[in-house]
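[1] Quick one: sequence plus predicted model below, questions after.
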Amino acid sequence: MILLSFGFFLRGQRAKGTRQRGRQRGGSPKLPCEGMTIHDIIREAGSNYKETARAFFIGPQPWADGAYLHRIHKPAEPNVRVELSRTLGFPASLDKHFEYCNGGVLFSASPICLGINLLGCVPAGLRHNRSEFDQPPSDIRLLNLQPRDYVAIAYYGADLSLVLVSRRDETVRCCYGKDAGTVRCEWDSIETWLSSEIDRISSLFRSDGSCLVPCDDLLPPAQSSKLVDPALADSDPPRTEQGLSSAFPVPIPPDYRRLRGDRIWPHAGITVYPLTEIAARQVGYGYSPDGQSLVGPRGWQRDWLVIGHEDLCGDPIFLNVAEPALPVFTSAHGEDSWEPDLISRSAEVFFESMDLLEKAQNGILSAAAVLSKISEMHSCEDARREEPDIEFWSVPLESPES
């Protein structure tokens, strides 16, 4: 059994003690293309992994310092798992899954293409420190805010397609994007989904861990034409990723459109979404997957518009569209409420800072020069207002501990 084998591996690793914890091993990742499981990923890594207090990092990648092909989290504390299972109504197979694996990321093809993001059990109120390398998994609470007949357990990085496990029969299905009323394909269990997808996606990577195909090809192929599952759909017509812009009232300020343009910053450590994705990216923040508003006194605010995320923790980057300068904020996942942290007083300076980060990562400017320039740009603005968090901009320029 996949999950049982994975559990045996983790217990064996813990039995070795802590003398090797956090040290980097050498070698190159091995990715056999038949019968792969999570256990096989770790076993085949040989000496090519890094172990921390929370996770195993497997297969160092060349596209960024501290980048790994896979991050597999060790089990959460039993009391955390039990409480979340009671609160969210985990089916038995999901309880078993979390006994041996507390989420992670499989097949990180690039900074902007994560194969499968497995959600995990995170203690309530846990604060994320963006400067830490050993981050917790993505919080399973955030994609399970509404009572349903399923539990969201993962998503694909290419288009945020949700993976759901049924509370009724424990079958697994993948949606089109975050639209829970649609079905891309199905599996008979969590175990079958993981083993078949690891097997399939492994064949799309070279032996050195580099991806052979575009990010969209990491999505599971559709088993049939797009359809609606009546058990999951609302009475309204199902919303596709393309239709979200009309279903959700998320107007994009013209000044932001002009400043954003169609530029990309592939190495900056911060992902800024294309304008065409802005509406869909509000799901989980301003809206639930079924279109219900999440705005509230201690929740998301009506004037906040998600425009991206920082790559280390996945924390959202968002504008306050009520202010003419369009100040930019971030906020940590996993808190009892969203606490905005100002990172730029205007969208204009935000994009200038992004340009500088990209130059630093490409070796055109030094990290020290970039941080000095960013600090200077912010100090030139109205000194009477709140100071932006300049430390935020230093994190993408730092190499994680090895």
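    Yep, it's here. Numbers count the residues shown, from 1 in each chain.
[2] distance between the ends of stretch 144-163?
    Criterion Cα to Cα, to the nearest Å; first-to-last residue distance in stretch 144-163 is 12 Å.
[3] Name the residues of that stretch that are buried.
    144-145, 148, 150-163 (16 or more other Cβ atoms under 10 Å). (Glycine included, C-beta is placed from N, CA and C.)
[4] Just to be sure, which of these are found in strands?
    Tyr150, Val151, Ala152, Ile153, Ala154, Tyr155, Tyr156, Leu162, Val163 (DSSP state E).
[5] now the fourth one: how far from Val283?
    Just to be clear, that refers to Ile153. 17 Å (Cβ to Cβ, to the nearest Å).
[6] same thing with the third one?
    Counting by Cβ to Cβ, the gap from Ala152 to Val283 is 11 Å.
[7] likewise Asp341?
    22 Å.
[8] who's more crowded, the two?
    Val283 (24 against 15; other Cβ atoms under 10 Å).
[9] Tell me how far the more buried one lies from Glu339.
    Where Glu339 is concerned, Val283 sits at a distance of 21 Å (Cβ to Cβ).
[10] Find the centremost residue of this protein, please.
    Gly314 (5.2 Å; Cα atoms, centre = their mean).
[11] Tell me if that one really is in a strand.
    No: residue state for Gly314 (DSSP: H, G, I helix; E, B strand; the rest coil) corresponds to coil; a strand is not indicated.
[12] What is the nearest of the ones in strands among the buried residues of stretch 144-163 to Asp217?
    Tyr156 (11.0 Å; Cβ to Cβ).
[13] I figured that closest one hits Gly177, correct?
    No: counting by Cβ atoms under 8 Å, Tyr156 stays clear of Gly177, with 9.4 Å between them.
[14] ranges for the helices of the chain?
    2-15, 38-44, 78-88, 92-100, 190-202, 244-247, 254-260, 347-361, 367-379, 391-394 (DSSP state H).
[15] what about these, which gets the closest to Asn117?
    helix 190-202 (12.5 Å).
[16] could you say what helices and strands that closest one packs with?
    helix 2-15, helix 38-44, helix 92-100, strand 104-110, strand 113-118, strand 172-174 (3 or more Cβ pairs under 8 Å, 6 or more residues apart in numbering; DSSP states H and E).
[17] Which one of the ones you listed has the poorest average confidence?
    In terms of average pLDDT, helix 2-15 trails the rest of the helices and strands packed on helix 190-202, at a mean of 36.
[18] that older thread, closest to Gln292 out of the ones in strands among the buried residues of stretch 144-163?
    Lowest distance from Gln292 to these (Cβ to Cβ) belongs to Ala152, with 14.8 Å.
[19] Contacts only, for the closest one.
    Leu119, Ile140, Leu143, Asn144, Leu162, Val163, Leu164, Ala180, Pro289 (Cβ atoms under 8 Å, 6 or more residues apart in numbering).
[20] For the nearest residue to the third one once chain neighbours are set aside, give its distance to Leu204.
    Once its chain neighbours are removed from consideration, Leu143 has its nearest residue in Ala152; the separation is 4.0 Å (Cβ to Cβ, 6 or more residues apart in numbering). Between Ala152 and Leu204 the distance, using Cβ to Cβ, works out to 24 Å.
[21] same thing with Ile116?
    Taken as Cβ to Cβ, the span from Ile116 to Leu204 is 12 Å.
[22] So between those two, which is more surrounded?
    Ile116 (25 against 17).
[23] pretty sure the more buried one contacts Glu197?
    Yes: the pair Ile116 and Glu197 passes the contact test of Cβ under 8 Å, sitting 6.7 Å apart.
[24] Just the pLDDT at Ala231, thanks.
    The model's pLDDT for Ala231 equals 48.
[25] Oh, that last question was meant for Arg258, not what I typed.
    Turning to Arg258, the model gives it a pLDDT of 92.
[26] What of Ile58?
    Looking at Ile58, its pLDDT reads 89.
[27] beta partners of it?
    Tyr49, His70 (DSSP bridges).
[28] quick one, domains of this protein?
    Annotated domains of the chain cover 2-228, 244-397 [automatic domain parsing].
[29] Select from these the stretch with the lowest mean pLDDT.
    domain 2-228 (a mean of 76).
[30] now it: how far from the chain's centre is it?
    Mean-position distance between domain 2-228 and its chain equals 11 Å (Cα atoms, centre = their mean, to the nearest Å).
[31] Going forward, count from 251.
    Yep, numbering from 251; the last one is domain 252-478 now.
[32] Go ahead and confirm Ala404 touches Asn367.
    Yes: counting by Cβ under 8 Å, Asn367 is a contact partner of Ala404 at 6.1 Å.
[33] Looking at the ones in strands among the buried residues of stretch 394-413, which is nearest Ile322?
    Distances from Ile322 to these, taken by Cβ to Cβ, are shortest for Ala404, at 12.8 Å.
[34] how near is the residue nearest to that closest one when sequence neighbours are not counted to Thr432?
    Excluding the flanking residues, the one nearest Ala404 by Cβ to Cβ, 6+ apart is Val413, at 4.0 Å. Shown here: Val413 relative to Thr432, a distance of 13 Å by Cβ to Cβ.
[35] Leu509 now?
    Taking Cβ to Cβ, one finds Leu509 at 34 Å from Thr432.
[36] what does Val401 give?
    Relative to Thr432, and taking Cβ to Cβ, Val401 is found at 17 Å.
[37] now do Val372
    Val372 is 28 Å from Thr432, by Cβ to Cβ.
[38] ok, now how distant is Lys346 from Glu441?
    Using Cβ to Cβ, which is the criterion applied here, Lys346 is 9 Å from Glu441.
[39] To clarify, my last question referred to Pro574.
    53 Å.
[40] between those two, who's got more neighbours?
    Using other Cβ under 10 Å as the criterion, Pro574 and Glu441 rank with Glu441 on top: 19 against 9.
[41] Please tell me I have it right and that one contacts Ser343.
    Yes: the criterion here is Cβ under 8 Å, and Glu441 meets it with Ser343 at 7.4 Å.
[42] Can you give me the neighbour number for Asp419?
    10.
[43] try Ser644
    16.
[44] show me what contacts it?
    Ala617, Leu621.
[45] same thing with Pro638?
    Contacts here follow Cβ under 8 Å, 6+ apart; on that basis Pro638 touches Leu592, Ile593, Ser594, Arg595, His628.
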